[in-house]
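Asks: Just a sequence and a predicted model for now, questions to come.
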Amino acid sequence: MAAPSGGVSCEEFAEFQELLKVMRTIDDRIVHELNTTVPTASFAGKIDASQTCKQLYESLMAAHASRDRVIKNCIAQTSSVVKQLREEREKNLDNLTLLKQLRKEQTKLKWMQSELNVEEVVNDRSWKVFNERCRIHFKPPKNE
């Protein structure tokens, strides 16, 4: 699943998390997808498992790349805001509103960075399940 068109809003962390939740649907449903599309040995002749696994592989690769782009883009945007607020803060040390805003953005940045770790766990789980069910039907290209 690709990111919604028109860009991604990184301003509100709750919206960012909700977007990632929607984008992780393929990973959340991979076991069901494999159970319903990749046949067991007794039904192997009725469905082309290699084609099904190839399509699922391509969908997973696209979803993972898309989420990685969204997360890294939001980290970059938020890092830029933090840097700007730090510079403003250095010029105006007495401004408590500025300090509060800086702390808020720093916290949001940490949360976004932690999403990279969550992403790694989600991706690892999906690939493990994929490889368990599809390894005999489909061999992914070596260059990816």
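Replies: Nice, I can see it.
Asks: Three-state assignment for D94, please.
Replies: coil (DSSP: H, G, I helix; E, B strand; the rest coil).
Asks: And for H137?
Replies: Secondary structure state of H137, per three-state DSSP, is coil.
Asks: Let me know the distance separating it from D27.
Replies: Note on H137: its distance to D27, by CB to CB, to the nearest Å, is 20 Å. Glycine gets a C-beta too; all of them are placed from N, C-alpha and C.
Asks: When these two are compared, which one has more neighbours?
Replies: More neighbours sit around D27 than around the other of H137 and D27, counting by other CB atoms under 10 Å; the figures are 22 against 17.
Asks: Spatially nearest residue to the more buried one (excluding sequence neighbours)?
Replies: Distances taken as CB to CB, 6 or more residues apart in numbering put S126 closest to D27, at 4.5 Å, once the chain neighbours are dropped.
Asks: Give me the secondary structure label for the one you found.
Replies: Going by three-state DSSP, the secondary structure assigned to S126 is helix.
Asks: That one - how many residues pack around it?
Replies: The criterion is other CB under 10 Å. On that basis, S126 has 21 neighbouring residues.
Asks: Would you check that it makes contact with L60?
Replies: Yes. Using CB atoms under 8 Å, S126 makes contact with L60 at a distance of 5.9 Å.
Asks: pLDDT-wise, which helix or strand of this protein ranks last?
Replies: The helix or strand with the lowest mean pLDDT-type score in the chain, counting by mean pLDDT, DSSP states H and E, is helix 30-37 (a mean of 86).
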